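Visitor: Fold the stuff below for me.
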Amino acid sequence: MKKILSLTLALLLFGGFCASADETAYIVRLKENAPLPISAEAEALFPEAGLYLVNSLEEIHALGEAVEAYGQDQTLELLDFGEAEADPFAMLQWHLPAIHAEYAKRFDVRGQGVTVAVLDSGINFNSDDFKNVNVLSGISCFNDSPDVKDMEGHGTVTSGLIAAGIDNGRLGSGIADGVTLMPVKVAKASVLSESVFIKGMKYALDNGADVVNMSLGGGNAGMMEAGIQALIDRGVIVVAASGNSGEAKPEYPASFEGVIAVGGVTADLVRSSYSSYYPGICCVAPSADLYAPDFKVNYKLASKGRGGTSYSAPIVSAAAALAKSVDPSLTPEGFRLLMEESCTDLGPEGYDVEYGYGLLNIEEMLKRQFEKLPPVSIYQSRTEGGEAVYRVRNTAAPIEVTAKYGNEERSLTLDAGYAELRFAAAPNAGLSIYAGGELLAAAQ
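Guide: Predicted coordinates for the structure are as follows:
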């Protein structure tokens, strides 16, 4: 029987961890299609991935030939932040112009219709920047309850970098505030374990996550890989922080095949000294001195004088949500290819292990997606106060069009960007947009 040591985890905003093994708890991976013996007592962590939790070696032996691998479930302590090189007061939210996030706002691409699971320490629901964001009740994987209150701050920061409200009068904004956020609490009182994290992955899969952010990691990851692969096989885009060792050695879950591994850069667009690098790094994103919602107050310089690849990962998770909202059929591999085509090259020319394909560039990413779609689309419709309201996006040059709704017809110019059209609501009516007699787009 092959024995694999379990992954040691730490939230990657922090500089290190202290692991203490629970000698009586083990994670077991069963062989594919192997039945669970009736006599065996095992807690199902992620059955689709064959992962169970048992409390003794005797229980492992009771599973017999069904066992493919097992390892101790390790407990970790979250310690201090890593030091960042940049001046913490040099600028506010420098990361948004660095990755050309404004381009998405111009076309009203905000991650609408996409669910992003954040496997972390929870969330501060009271922050003003989440009041108009669709945040699900989520779950604490410690006791299967909806108590996802963030007592650490880490999960609130990562969630805010993804989806803090845009143009709501606060000090800063997220990137994809149109997403549905799914807080999955896997860290509590500076502690998380591999088994609890596996439960989090299963919850994300079972509850329809399209993107999963993992701002955590460690050295060896034998028991988690099956769960990661189950997510990817279902088409979930998994984004993970590369690690904070600053060394040229793989860390997990970022190093698993199919995971979007994200390293960190400073405001000078050079690799952060703590950002781990190795073959498989997909791209880099800002990782230090970023404003984000706090778990105690509404806003603060969340990484003042500090940093970590925990910040880089949610920025790319937000980009994945934007891309998925433009193309709901986008696969994990499709998103990786999109990164390859659109990132701004840094370091040596072409792919390299420190920067991957380069710095996330949301403008170039969306332009490449728009090239493959009809230039004019009706992407949202609703009824509001007796009016039928449609949002129309034009990704090409300004165009003269005719908009027809029921018995009403209008001539207008659609500039590059988006427009909101309102009509007196009529039964069974829909909107059709024409140019030169050619139908460009239609929707009910």
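
Visitor: would you say residue 103 is within a strand?
Guide: No - if the criterion is DSSP: H, G, I helix; E, B strand; the rest coil, then residue 103 is helix and not within a strand.

Visitor: For it, give me its contacts.
Guide: 362-363, 366-367 (CB atoms under 8 Å, 6 or more residues apart in numbering). C-beta coordinates here come from the backbone N, C-alpha and C atoms, glycine included.

Visitor: Which pLDDT value goes with it?
Guide: Looking at residue 103, its pLDDT reads 96.

Visitor: now do residue 84
Guide: 38.

Visitor: Kindly provide the distance from residue 41 to residue 31.
Guide: 19 Å (CB to CB, to the nearest Å).

Visitor: TSV for the contacts of residue 103, including neighbour count?
Guide: Formatted as TSV, the contacts of residue 103 follow (neighbours: other CB atoms under 10 Å):
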residue	neighbour count
362	25
363	16
366	23
367	15
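
Visitor: So which of the residues you listed belong to helices?
Guide: 362-363, 366-367 (DSSP state H).

Visitor: quick one, domains of the protein?
Guide: The record assigns the chain these domain ranges, following automatic domain parsing: 2-78, 82-370, 376-443.

Visitor: can you give me the strands in the stretch 251-400 of the chain?
Guide: Here the stretch 251-400 of the chain has its strands, by DSSP state E, counting those that start in this stretch, at 260-265, 281-286, 291-293, 299-301, 306-307, 376-384, 387-394, 399-405.

Visitor: and these, which is most packed in?
Guide: Most buried of those by mean neighbour count (mean count of other CB atoms under 10 Å) is strand 260-265; its value is a mean of 30.

Visitor: and of the strands of the stretch 251-400 of the chain, who's closest to residue 271?
Guide: strand 260-265 (5.9 Å; CB to CB).

Visitor: what about the closest one, average pLDDT?
Guide: 97.

Visitor: show me where pLDDT drops low in the stretch 1-150 of the chain?
Guide: The model of the stretch 1-150 of the chain has pLDDT under 70 over residues 1-24, 37-40, 74-92.

Visitor: should've said the stretch 301-444 of the chain
Guide: In the stretch 301-444 of the chain (pLDDT under 70), the answer is 301-306.

Visitor: coming back round to it: among the contacts of residue 103, which one sits closest to residue 352?
Guide: Once CB to CB is applied, the member of the contacts of residue 103 that ends up nearest residue 352 is residue 362, at 21.5 Å.

Visitor: which residues does the closest one contact?
Guide: Here residue 362 is in contact with 99-101, 103-104, 175, 319, 322 (CB under 8 Å, 6+ apart).

Visitor: Go through those and name the one nearest residue 424.
Guide: residue 104 (31.5 Å).

Visitor: For residue 179, what are phi and psi?
Guide: phi -80, psi 170 (degrees, to the nearest 10).

Visitor: Compute the number of surrounding residues for it.
Guide: Around residue 179 sit 29 other residues, with neighbours defined as other CB atoms under 10 Å.

Visitor: That one against residue 110, yeah?
Guide: Yes - using CB atoms under 8 Å, residue 179 makes contact with residue 110 at a distance of 7.5 Å.

Visitor: Name the residues contacting each of those two.
Guide: residue 325.

Visitor: ok, back up a step: pipe the contacts of residue 103 into TSV and attach distance to residue 415 per row.
Guide: As requested, these are exported to TSV (distance: CB to CB, whole Å):
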residue	distance to residue 415
362	20
363	17
366	17
367	17
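
Visitor: Farthest-apart pair in those, please.
Guide: 362 and 367, at 9.6 Å, using CB to CB across the contacts of residue 103.
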